[in-house]
Structures are given as C-alpha cells and as structure tokens.
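**Q** Following is a predicted model, sequence given first.
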Amino acid sequence: MNIYALVKRTFDTEEKISVQNGQIAEDGAEFIINPYDEYAVEEAIRVRDEHGGEVTVLTIGSEEAEKQLRTALAMGADKAVLINTEDDLDELDEFGAATIIAEYLKDKEADLILAGNVAIDGGSGQVGPRVAELIGINYVTTITELKIDGDKATVVRDVEGDSETIEAQLPLLVTAQQGLNDPRYPSLPGIMKAKKKPLEELELDDIDLDEDDVEVKVERVDVFLPPEKQAGRVLEGDLQDQVKELVQLLRTEAKVI
C-alpha cells in the first residue's frame, strides 16, 4: 500500500508560551509533532506492517521541521518529504496548506492518507478534508478504529460522545482522533536508522505552484493568551452557613442566579 501521513510542527502546549506583538514568541519555545498527527503516523505504520507497502510522512514549513520528520522516521516511517515555504510565504492558512499538499499528492496514487483530526495550535480541522476534496477521494474524520480488507476500509468515528461505523472504498483519507492507538516512542535503533532514511526537500516551484496560488483567505486579527484564573475561595463554617454564603456569592458576585 502507498500510505501518506500528514504532520505539522506545533508548539508544545505543555511548555510555557508567551505572546509578543500579537504573535507567539518562538524564542525558547519547544516544538513537537502535533499530537493528533502522532496517532496518524502510528496508524500508518501499523497498516503498513499488516498489509505491506510504504509510509511517507509529509509536512510544510521551514527546515526546522526536519526534526519532527526525523522523529516520525524514527517511529518507523519509511521516508519523509518537506515542502519548504520559508522563502516563499510569510503566512499560510488552511486553504494554502491544503492546496500545497493536494498539488504534491495529486499524482502519487496514494491508497491511504492519514492526518490528525485537528492541530493543537489552530484547531480548525480543515486541512485533511480539504485535501481529500481537492484530489477527489473519500474521507472520514475523527476516526477511532481502522480496518482494511482489500480495497475496502471499515472505520469507527467519534460523533459527539457516541460512535458510528462507516465502510468506504480506497483511496481514502482519514483524520485521527484520540483513542485510535497509542503512539510508540522512537527507539534508539529507530533513531539511528532515521538518520539514513530519505528526506526529500521541495519548494513551491518544484510542485508548479507560486505565491498567488496559495494567497491567504483568512486574516488573523489578534493572538492572546486566556486570562489567568482567579484563585478559588474556600467556604468555612457549618454546612448550612456555607450553603447560604454560596447562594449569596452566586447571586451577588458570579451573578448566575
């Protein structure tokens, strides 16, 4: 099988993030593979191990993204592709990202494409479905189970706390939801092997696109951190007194009753 996994370099939200002049400050920030994309990479590797074929991980960005691609290779992917837009684009939105990815994939005859359900830095969940629409293949989002039999896939997808089972024909794009699998940690042998695995770097010209083809459609007005939470208050005294005080606070301070 010809399998592709789409990955994105994102900020590590477990680390402290600072905002300066309406932008997230990259100095000193930690970057990782988008966690939902890790599920996609893991599932791609499992499908290859069961059905044969090759896994290619693909990302868009600067040379800094090579680190995340090497991590995916260390997990077990076979090769990687970086479409470097650093010199060509100042901004890239979901439309532009999907256009670039689809243009690259249009003649690759992919049987299965996996992506994360959302990126934790944007949360739009648009790129995967947009890619599928642009290249004209089936897609199913937020999947938690995937089984393939020949050219047919059976998927279970998360639907607002419930689930539904869908059958679809390959080629197929799916987006991975938490619960699909437990992504493996790169082993030391995997890390050593990853250094020798092919990593191809392309630019927009190499896939017959220019800046006008991916002009941003969305204007980012502002970026800001959520307000700090105020410290909670501990009520003391008898239970009846606590209840009375709580009701009073809900009425006078929280103004919810």
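**A** Sure thing, it's come through.
**Q** Would it be right to say that D212 lies in a helix?
**A** Yes: counting by DSSP: H, G, I helix; E, B strand; the rest coil, D212 is found in a helix.
**Q** right, and the secondary structure at Y4 would be what?
**A** Strictly by three-state DSSP, Y4 counts as strand.
**Q** Provide a list of residues in contact with it.
**A** A44, V55, T56, V57, L58, L105, K108, A110, L112, I113, L114 (C-beta atoms under 8 Å, 6 or more residues apart in numbering). Quick note: C-beta positions are derived from backbone N, CA and C, even for glycine.
**Q** Columns distance to E133 on top of the residues you listed, output as CSV?
**A** Below are the contacts of Y4 laid out as CSV (distance: C-beta to C-beta, whole Å):
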residue, distance to E133
A44, 21
V55, 23
T56, 21
V57, 22
L58, 17
L105, 12
K108, 17
A110, 15
L112, 17
I113, 12
L114, 16
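**Q** In helices only, show me those.
**A** Those of those mapping onto helices are A44, L105, per DSSP state H.
**Q** Apply the buried test to the contacts of Y4 and list what passes.
**A** Among the contacts of Y4, the ones that count as buried by 16 or more other C-beta atoms under 10 Å are A44, V55, T56, V57, L58, L105, A110, L112, I113, L114.
**Q** which one of those sits closest to K147?
**A** L112 (12.0 Å; C-beta to C-beta).
**Q** any idea how far P198 is from that closest one?
**A** L112 sits 20 Å away from P198, going by C-beta to C-beta, to the nearest Å.
**Q** got it, and A115?
**A** 21 Å.
**Q** Looking at these two, which has the bigger crowd around it?
**A** Using other C-beta atoms under 10 Å as the criterion, A115 and P198 rank with A115 on top: 30 against 10.
**Q** bridging residues for the more buried one?
**A** A115 has these beta-bridge partners by DSSP bridges: T175.
**Q** gap between it and K197?
**A** A115 is 21 Å from K197, where distance means C-beta to C-beta.
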